[in-house]
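*Asks:* could you look at this predicted model? Sequence included:
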Amino acid sequence: MRPVETGVAGLTPGAAQAGSPAAVADLDDDAPLYEARKDIFPAAVKGKFRTIKWAILIVTLGVYYFLPFVRWDRGPNAPDQAVLLDLPNRRFYFFMIEIWPQELYYITGLLVLAALGLFLMNAVAGRLWCGYLCPQTVWTDLFYAVERLIEGDRREQIRKSQGPWDLERIAQKVLKHSIWLLVAWWTGGAWVLYFADAPTLVRELVTFQAPMVAYVWIGILTFTTYSLAGFMREQVCLYMCPWPRIQAALTDEHALNVTYRYDRGEPRLSAKKAEAARLRGEPAGDCVDCHQCVNVCPTGVDIRDGLQLGCIQCGLCIDACDNVMVKIGRPTGLIGYDTDVNVQRRIAREEPEYHLVRPRTVLYAGLIAAIGGFMAYTLATRTTIGVSALHDRNPVFVKLADGSIRNAFTVRLTNKSLDARPYRLEILGIADAHLEIIGEPGRAEQSAVLEVLPDQTRELRALVTTPKGDAVESRNLRFRLTDIVSGATAYADDFFKGPGSAP
């Protein structure tokens, strides 16, 4: 459905004046608020922006479909899939990076970077994401390519859609939808490969031994890809996607957008009439009203009507218009990335100005650099060990028969390396304290050596005892964990409580 292009729904443009008697008299209760959807048959086009879109499509889909099969050697006791979201073991692997559940803030940081990147693209050149990188755009482009390959270009598709259902048309439809379903099925299949070892899961899927959840998700993604890219197409951009409405509030007058330079294009005349008008010294625009910019638009937008919700800024109308300008011997660039401010400046016979570097873009770029740099630093300097301590709450302390005071702690040791590691656990802050690990032999003075299995955590009970009597007050206590092999350290701070501690 597309909004009816009248001043007010149900009113003629001339009568759409608020409060006028004519507006009330002309109100038609039967007039539809939305007109029925019309099929859009975008024509194929060649040019700079079409080439860019093909390159992005090949790269992005190539990465999506084949990345699960890329191997990355992490050594023994670790999966060798380069990118893997290992839900059973609660790990996310990305080449040399391993993210644990307690490091979820890295995922949060990536989402923040993605949002800021989207804002920066919008501030520089409008809906770059929509026109080139959005999955809906990429998969719809692929479906369009399949459709043109089988059913022909725009004119042939329109002719066939208005003709009878003969054997040739039925065969072409069956072939087209079969390929669409195959692409959609592989889209869903590639997605589930990121959650398990890809070669193993492919073998299980083929032999029908894979988990049922894998088949369910493949079915869901097959249906959504087939529906959204094959049938709903521009409707997703017009009605389902919130970004066109959000980005309108984030843009400004200096952001580049696909713009029809009406200062040069108007008045519109055919090529012959325009040439004759110029010979007579009369005004004539470069636009020959060929509608090629409309014919290639994947959402059916006429860019000459100005910026619209349906324009995804893909640049195909630029290629189409440039091709026409070359044929009629006029300069290219009648449609191009520009600002409306520059159009007004040219009308006023002033030089156009471009402000790509301005406070908005500097802010976004600075935040991206700062957050990205901080994340890179923390990744580069993080250790493979960790320790945390939790003081027992009841009782807070125990006074033993010899007058010594004992505190109990639950200590968790983390080994993020791929080998079993010996660790030394020490207590700092109380010089005469003793450390005892439940289940471990002996009573150490202030440290104990413990082993933690690879890629595991180990929880233990630690008893800290001091010979001090009733005079013991609350003291700062620090647990230090040292990797005996690498020398890396981690700390956990807590308190040692005694009878003299404040309640």
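*Replies:* Yep, it's here.
*Asks:* helix or strand: which one has the most centrally placed residue in the chain?
*Replies:* Nearest to the mean C-alpha position of the chain, by C-alpha atoms, centre = their mean, lies Ala114 at 6.0 Å. Using DSSP states H and E, Ala114 falls within helix 105-125.
*Asks:* give the buried residues for that helix.
*Replies:* Tyr106, Leu116, Leu118, Phe119, Leu120, Met121, Asn122, Ala123, Val124, Ala125 (16 or more other C-beta atoms under 10 Å). Using the backbone N, CA and C atoms, a C-beta is placed for each residue, glycine as well.
*Asks:* which pLDDT value goes with the fifth one?
*Replies:* Just to be clear, that refers to Leu120. pLDDT for Leu120: 93.
*Asks:* surely it touches Ala369?
*Replies:* No - at 10.8 Å, Leu120 does not count as touching Ala369 under the criterion of C-beta atoms under 8 Å.
*Asks:* and the nearest residue to Gly75 once chain neighbours are set aside, how many neighbours?
*Replies:* Closest residue in space to Gly75, ignoring its immediate chain neighbours: Leu418 at 4.9 Å, by C-beta to C-beta, 6 or more residues apart in numbering. Counted with other C-beta atoms under 10 Å, residues neighbouring Leu418 total 15.
*Asks:* what pLDDT does Leu418 get?
*Replies:* Predicted confidence (pLDDT) for Leu418: 78.
*Asks:* OK, contacts around it?
*Replies:* By C-beta atoms under 8 Å, 6 or more residues apart in numbering, the contact list for Leu418 reads Arg74, Gly75, Pro76, Asn77, Ala78, Pro454, Asp455.
*Asks:* how close does Tyr65 get to Ala365?
*Replies:* 32 Å (C-beta to C-beta, to the nearest Å).
*Asks:* ok now do Leu61, which residues does it touch?
*Replies:* So Leu61 contacts Val138, Leu142 (C-beta under 8 Å, 6+ apart).
*Asks:* could you look up the SS state of the closest residue to Glu440 other than its chain neighbours?
*Replies:* Leaving aside its chain neighbours, Glu440 sits nearest to Ala448 (6.2 Å; criterion: C-beta to C-beta, 6+ apart). Under DSSP: H, G, I helix; E, B strand; the rest coil, the three-state class of Ala448 is strand.
*Asks:* isn't Ala448 up against Arg424?
*Replies:* Yes - using C-beta under 8 Å, Ala448 makes contact with Arg424 at a distance of 7.4 Å.
*Asks:* please enumerate the helices of the stretch 301-450 of the chain.
*Replies:* 316-328, 340-347, 359-381 (DSSP state H, counting those that start in this stretch).
*Asks:* grab the CA positions of the second one and hand them over as PDB.
*Replies:* Okay, so that is helix 340-347. The C-alpha trace of helix 340-347 is given here as PDB (Å, rounded to 0.1, in the frame of the first residue of the first chain):
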ATOM      1  CA  ASP A 340      19.700  21.200  -1.300                       C
ATOM      2  CA  VAL A 341      21.700  24.100   0.100                       C
ATOM      3  CA  ASN A 342      24.000  23.800  -2.800                       C
ATOM      4  CA  VAL A 343      21.100  23.800  -5.300                       C
ATOM      5  CA  GLN A 344      19.900  27.100  -3.800                       C
ATOM      6  CA  ARG A 345      23.500  28.400  -3.900                       C
ATOM      7  CA  ARG A 346      23.700  27.600  -7.600                       C
ATOM      8  CA  ILE A 347      20.400  29.300  -8.300                       C
END
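*Asks:* Arg154 and Ala320, how far apart?
*Replies:* 11 Å.
*Asks:* which one's more surrounded, the two?
*Replies:* Shown here are Arg154 and Ala320; by other C-beta under 10 Å, Ala320 has more neighbours (27 against 15).
*Asks:* quick check: neighbours shared by Arg154 and Ala320?
*Replies:* Ala43, Asn295.
*Asks:* how about the backbone phi and psi for Asn394?
*Replies:* phi -150, psi 110 (degrees, to the nearest 10).
*Asks:* how many residues are close by it?
*Replies:* For Asn394, the count of nearby residues is 4 (other C-beta under 10 Å).
*Asks:* per-residue confidence at it?
*Replies:* 83.
*Asks:* do you know how far it is from Thr410?
*Replies:* Separation of Asn394 from Thr410 (C-beta to C-beta): 13 Å.
*Asks:* how about Leu167?
*Replies:* Plainly put, Leu167 is 75 Å away from Thr410 if you go by C-beta to C-beta.
*Asks:* how about the contacts made by the closest residue to Phe195 other than its chain neighbours?
*Replies:* Residue nearest to Phe195 in three dimensions, not counting chain neighbours: Leu85, with 5.2 Å by C-beta to C-beta, 6+ apart. If you count contacts by C-beta under 8 Å, 6+ apart, Leu85 has them with Phe92, Tyr93, Tyr194, Phe195.
*Asks:* is Leu85 bridged to anything, and to what?
*Replies:* Phe92 (DSSP bridges).
*Asks:* low-confidence ranges, this structure, go.
*Replies:* 1-37, 441-445, 468-472, 500-503 (pLDDT under 70).
*Asks:* quick check: domain ranges of it?
*Replies:* Domains of the chain are assigned by automatic domain parsing as 2-35, 48-248, 254-347, 385-496.
*Asks:* count of neighbours near the residue lying closest to Arg71 once chain neighbours are set aside?
*Replies:* In this structure, Arg71 finds its nearest non-sequential neighbour in Asp80, 5.0 Å apart by C-beta to C-beta, 6+ apart. As a burial measure, Asp80 scores 13 neighbours (other C-beta under 10 Å).
*Asks:* Asp80 and Val70 touch, don't they?
*Replies:* No - between Asp80 and Val70 there is no contact under C-beta under 8 Å: 9.7 Å.
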